[in-house]
Structure formats: C-alpha cells, structure tokens
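Novice: Structure of the sequence below:
(one chain, ligands or ions: 1)
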Amino acid sequence: MGERDFDVAIVGAGFAGMYLLHRLRGLGLSARVIEAGPGVGGTWYWNRYPGARCDVESLQYSYQFDDALQQEWDWSERYATQAEILEYAEHVADRYDLRRDIEFESRVTSAHYDEAESLWTLEADDGGKTVARFCVMATGCLSVPNWPNIEGLESFAGPTYHTALWPDRKIDFTGKRVAVIGTGSSAIQAIPLIAREAARLFVFQRTPNYTIPARNAPLDPDRVKDIKANYGAMRARAKTSLVGIAGDYNLGSALEAAPEDRQAEYERRWLQGGVTFMGAYGDLMLEKDANETAANFVRGKIREVVEDPALAETLCPDNIIGGKRLCVDTDYFATYNRDNVTLIDVKGRPIEAITAGAVRAHGRDFEIDVLIIATGFDAMTGALNNIDIRGRGDACLRERWADGPSSYLGLAMADFPNLFTVTGPGSPSVFTNMIPSIEQHVDWITDCLGYMKARNYTAIEAEGDAEKGWWDHVQEVAAQGLKATTDSWYLGANVAGKPRVFMPYYGGFPAYCQKCEQVAADGYEGFAFA
Ligand code: N01
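Specialist: Purely as a prediction, here's the structure:
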C-alpha cells in the first residue's frame, strides 16, 4: 500500500452516498462510491414489496440542498410509492452525473486502516480494492434483512420473498395461498394489497401493531404550488421540530386535557392521517398514563373497524403506542373482515416449523403456495458489522461493538481515524425525516473535510472521552422517555442474540444539530487531528 486512489471511499449509493459524492466533488475531492446493488437508492432499491411507500410526506421526504431540484421534481401523491422514490433517486443520479463515480454490484467486505500511511483499504466481494484517505460508511440504518429463525425455513418448496429483498418484477398472487410472517410496517403495507389478489392469505402475528390511516391521495396542485413558493420556510420549520418534519405538534399534556377535548383531538388527527398522530400531546412518549389515552383511542378504532370482536381483540396491541415505530396504513384493519384472510396469533405459541408446503402453527399445517417473510432488519449496526472494519492497532469494530455500539455523535468512533458513519448509532436518524438528517450529517462531514484540507491535516479521530460522553448522553436521554421500555429494533430486540442497547439518539433533531454545530465551531471539539 502507499498509493492512494481517492480522497474518499464511500460505501453505499443510497441517499447518503449520493449526496456525499456530490458534496465532495464540490470540495474538489476525489471520491469513489462502492454499492452492493445494481442501482442507486439504497433501501428504496430493495424494498419493492406491494404497497411500499414512505410514511413521511413526499414534499418533505426529499433533498433540499438544491432549490432547483426541489422545484423541478413533481411528487404525485401525499406519500410517495417506492417506485416513485426510486425514480427520484435515479433522477438525482442522472442530474448530478453521479454514476460515473459509483461502482455497482460490488459489496464491501472489509475496510482496514493503515496508520503509518493514514489510508483505508476497502476490499469487495468482486475482488475490487479501493485505497482512500477517508472512508465513509453510508450503509443505511435499515439495509440488512433480518431472517427469522424458524425450523425448516429453507425447506419450503414454493417461492419465498423477504419484503426487504423483493424481486424487481410484479409478483402475481392471483389464485395463490399466501403466508405473511410479521406485522410490522412492511407487512402492514403489503397485506391489504396481497389480500385483494390472493385466494387465501394467512397472517402470522407475534405482536399486534398500532397503525394510523395514511389518508393517502394525489397531491393538490394548488397546495404544491404554495409549498414550492415557500419551500425554504417549510424546511426551516422542519428543522425546529424534534423529528425534523414540519407538522402540527402540540406540546401540551394529554393528562391535563379534558377527556372530550382529547378525544376530539385524536379524532381530528386520525382523520388527518399519518404519524403526526403522536404530535397530539407533548407527554405521550414521556408518561405512561398519557400514552394510554392515545393507545386506547386507537384500540377503539380497531374495534370499530374489525367486525369479529374476538379478532379485533387479537389485533389490539397492549403495549405503549409509539414504542415500536408507529405504522401508517391503507385499509389494514379492514382487510381482516375479508373471507380470504386468516390471522394466526403466534404470540407465546411460536410458529412450529415451515415444511415444503405449509407453515405449521397451533399444531396445524396452513398449506400455502407462497411464503412472505416480513421480519424487518438487523437495524443500525447490521450493515457495519457485516464489514470487517479494522482501525488503529487492528481495532475491530465488530468486536468493539460485541456488547452494543457506541459512537461520537453517530459520526465517528475512537481508534477508527478517518472513518465516518452517516446516520450511525448515536444519531437521531431513524427518529427523524431521514433525507434531511442525511443532508445534515453529510454537510457536517464535508465541512469537516474542508476544514482539514485547508489546514493540511491528514487524519481525524474521535477522542475516547468524547465518545463515552456522547454515548452516556444517548443512553440517559433514552431512559427519560417511554421508547426504551418497549422491545423493538431500536434496541436490537428483534434479532436473536443482538445486545440490547438503545441505538438512536432520542434528544431530538434540533438539539443534535446544535451539538454538531457547536463541536465544529469549537474547532471540532472531541476530535483529534494529525
Ligand atoms: O420490520 P419490523 P418492518 N415469528 O421489525 C415479526 C421502516 N419501514 O420491515 O414485533 C413471527 O417492524 C415481528 O414481531 P415482533 C420502519 O422504520 C418504513 O415491518 O418482533 N413474527 C414484527 O411484527 C419500520 O419500523 C416504512 O414480535 C416474527 C415483524 O416481524 C422498519 O422499517 C415501511 C418473527 C417485523 O417488523 C422495519 O419495518 C416499511 C417470528 N419468528 C418499513 N420474527 C414506511 O416508511 C419477527 N417477527 C412506511
């Protein structure tokens, strides 16, 4: 080693990798993106299951770094489909001529740092090797599919599809008997559409979920015109919200509201649709009793929609609302009124096995033609741990994180110089609107590289104390709310054997941005340069 190919190696060509490449070019740095898939878009490339949409409104789930881009792009619906988001990603790749610096179908397997040279060497499964001064992991928070550990899964003779690895073609369920395992966001979007096509649909539910109607609709051209005329103002408003989304938030207390006012407020938000339902009161994620008022409201709606009372009870969650990620749906609960749909409650009575032609549960074989696995992701750390990342003194990130991750600002780790993560553990990422969060991280990283370039620094490294201080803060903030009291992928509870550590930063987008800005303004406090 010695010769450097690029200033920066970027792993992943999702929204983070693409924007980073664009920004680095602006800084006059050479960069190479290495992407496992055949196209851009990251999670939106792979998650092609029926009904896949973003649950953040399309006019906000988009880049804002170039006003011309946000003015020229037209979203068609309130919530964009996967296909439309992918089309947008492809448009961005073309518009900024990004593809010429992206190596597709090359999965990075290792990234090793040479301290003497201050260089990273990345190796990929196709034999590709990239040497760069800096390495940025733009590998996504929800990019590694989680497969359930069910006996006989491989023995199923018919087609098996994971929602997060859906084929790039229409799957026709007409006349088919289909099983869906899991009832998270992905399943909740897919189930109503599959039910309309399939002859029989069996849904295997371990934990019922709260979901709010999307009330999706084509965008009103006048509203779009209004927003586009003041796009900057809406983006600025979004930056002041905890979740980075401009919306209707009430900071008052659910417990102090009169019961009839509270009911009216929940009703209003139910009709409005979407995840901002949880913006009804400021204490919903802080006080269990406050949370129960919202949870109870949604359970009431489930009982209204689902005709069979026993079935409605099975669909009613009994945990807190918003502990797991809140889902957004179109006709999810009503789908269970269909004659061709059967819910199988596997809570406490797990699926026994999968055979060549059936899912076995409750001592019975549910015969099927198609198996759909909707069991989510090895979130936040999965993609990083899949790469053999070695820092200074051969420090191994996977071993370092054996008991759970830790980082400084979700951006860097001690002993891993010149390595950055975009929306890594310890960043607010998954609690916020991802694209603006990505832009904030990328801007911070790019500014930092610009700062180093101007001073001829060749290496930057998070200090151990700064990392520890930030990680303690991440845990303290998580412990103050209700989020950490629920088993969820936020704390690794969905993956067998994964350490239970709360991974995202729950202190809100504005506090996080302020901290990042302060760190930079103080000459990158908590980082050491060489
Ligand atoms: O995955 P999940 P997902 N037997 O982990 C069940 C984002 N997203 O792909 O809760 C039976 O939420 C598991 O049960 P339990 C969003 O951030 C966004 O749906 O562990 N069931 C659960 O029901 C979301 O949160 C959008 O008891 C088993 C399900 O599988 C994240 O991605 C759309 C099982 C997994 O749910 C992940 O969503 C889609 C087993 N052995 C996704 N193992 C939008 O923007 C697991 N389960 C709208």
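Novice: Please look at Ala157 and Ala356 and confirm they touch.
Specialist: Yes. Counting by C-beta atoms under 8 Å, Ala356 is a contact partner of Ala157 at 4.2 Å. Quick note: C-beta positions are derived from backbone N, CA and C, even for glycine.
Novice: so who does the nearest residue to Phe527 once chain neighbours are set aside touch?
Specialist: Once flanking residues are discounted, Phe527 sits nearest to Ile460: 5.4 Å by C-beta to C-beta, 6 or more residues apart in numbering. Taking C-beta atoms under 8 Å, 6 or more residues apart in numbering as the criterion, Ile460 is in contact with Ala412, Pro417, Asn418, Cys448, Met452, Tyr524, Phe527, Ala528, Phe529, Ala530.
Novice: who's Ile460 bridged to?
Specialist: Ile460 forms beta bridges with Phe529, as assigned by DSSP bridges.
Novice: that's a helix at Leu122, yeah?
Specialist: No. With DSSP: H, G, I helix; E, B strand; the rest coil as the criterion, Leu122 is strand rather than part of a helix.
Novice: Count the residues that sit near it.
Specialist: Residue neighbour count, defined by other C-beta atoms under 10 Å, stands at 25 for Leu122.
Novice: give me every residue that touches it.
Specialist: By C-beta under 8 Å, 6+ apart, Leu122 lies in contact with Ala9, Val11, Ile34, Val108, Ser110, Ala111, Lys129, Thr130, Val131, Ala132, Cys135.
Novice: Contacts only, for the third one.
Specialist: Taking C-beta under 8 Å, 6+ apart as the contact definition, Ile34 lies against Ala9, Ile10, Val11, Gly12, Ile102, Glu103, Ser106, Val108, Leu122, Ala124, Gly128, Thr130.
Novice: Reformat these as JSON lines; add secondary structure and distance to Val306.
Specialist: Below are the contacts of Ile34 laid out as JSON lines (DSSP: H, G, I helix; E, B strand; the rest coil; distance: C-beta to C-beta, whole Å):
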{"residue": "Ala9", "secondary structure": "strand", "distance to Val306": "51"}
{"residue": "Ile10", "secondary structure": "strand", "distance to Val306": "47"}
{"residue": "Val11", "secondary structure": "strand", "distance to Val306": "44"}
{"residue": "Gly12", "secondary structure": "coil", "distance to Val306": "41"}
{"residue": "Ile102", "secondary structure": "strand", "distance to Val306": "47"}
{"residue": "Glu103", "secondary structure": "strand", "distance to Val306": "49"}
{"residue": "Ser106", "secondary structure": "coil", "distance to Val306": "47"}
{"residue": "Val108", "secondary structure": "strand", "distance to Val306": "46"}
{"residue": "Leu122", "secondary structure": "strand", "distance to Val306": "51"}
{"residue": "Ala124", "secondary structure": "strand", "distance to Val306": "49"}
{"residue": "Gly128", "secondary structure": "coil", "distance to Val306": "52"}
{"residue": "Thr130", "secondary structure": "strand", "distance to Val306": "53"}
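Novice: could you redo these as JSON lines and give each row distance to Asp403 and pLDDT?
Specialist: JSON lines is the format used below for these (distance: C-beta to C-beta, whole Å; pLDDT from 0 to 100):
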{"residue": "Ala9", "distance to Asp403": "28", "pLDDT": "98"}
{"residue": "Ile10", "distance to Asp403": "28", "pLDDT": "98"}
{"residue": "Val11", "distance to Asp403": "24", "pLDDT": "98"}
{"residue": "Gly12", "distance to Asp403": "26", "pLDDT": "98"}
{"residue": "Ile102", "distance to Asp403": "35", "pLDDT": "98"}
{"residue": "Glu103", "distance to Asp403": "34", "pLDDT": "97"}
{"residue": "Ser106", "distance to Asp403": "31", "pLDDT": "97"}
{"residue": "Val108", "distance to Asp403": "24", "pLDDT": "98"}
{"residue": "Leu122", "distance to Asp403": "26", "pLDDT": "98"}
{"residue": "Ala124", "distance to Asp403": "29", "pLDDT": "97"}
{"residue": "Gly128", "distance to Asp403": "32", "pLDDT": "96"}
{"residue": "Thr130", "distance to Asp403": "31", "pLDDT": "97"}
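Novice: got TSV for those residues, with distance to the ligand too?
Specialist: Shown next, in TSV, are the contacts of Ile34 (distance: C-beta to the nearest ligand atom, whole Å):
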residue	distance to the ligand
Ala9	27
Ile10	23
Val11	20
Gly12	17
Ile102	24
Glu103	27
Ser106	25
Val108	23
Leu122	27
Ala124	26
Gly128	29
Thr130	30
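Novice: among those, who's most crowded?
Specialist: Most crowded among those, counting by other C-beta under 10 Å, is Ile10 at 32 neighbours.
Novice: Look up which residues are beta-bridged to the residue nearest to Ile181 when sequence neighbours are not counted.
Specialist: Nearest non-adjacent residue to Ile181, counting by C-beta to C-beta, 6+ apart: Phe204, 4.7 Å away. With DSSP bridges as the criterion, Phe204 is bridged to Ile181, Ile344.
Novice: State the mean pLDDT of the lengthiest helix in the chain.
Specialist: If you go by DSSP state H, the chain has its longest helix at helix 434-455. What helix 434-455 shows for mean pLDDT is 98.
Novice: Alpha carbons of that helix, as CSV, please.
Specialist: In CSV, the C-alpha atoms belonging to helix 434-455 read as follows (Å, rounded to 0.1, in the frame of the first residue of the first chain):
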residue,chain,number,x,y,z
MET,A,434,-34.1,10.6,7.0
ILE,A,435,-33.3,12.6,4.0
PRO,A,436,-32.8,16.0,5.8
SER,A,437,-31.0,14.1,8.6
ILE,A,438,-28.7,12.6,5.9
GLU,A,439,-28.1,16.1,4.5
GLN,A,440,-27.2,17.4,7.9
HIS,A,441,-24.7,14.6,8.5
VAL,A,442,-23.2,14.9,5.0
ASP,A,443,-22.8,18.6,5.3
TRP,A,444,-21.1,18.2,8.6
ILE,A,445,-18.7,15.6,7.3
THR,A,446,-18.0,17.7,4.2
ASP,A,447,-17.4,20.8,6.2
CYS,A,448,-15.0,18.9,8.4
LEU,A,449,-13.1,17.6,5.4
GLY,A,450,-12.9,21.1,4.1
TYR,A,451,-11.5,22.3,7.4
MET,A,452,-8.9,19.6,7.3
LYS,A,453,-8.0,20.3,3.7
ALA,A,454,-7.5,24.0,4.4
ARG,A,455,-5.1,23.1,7.3
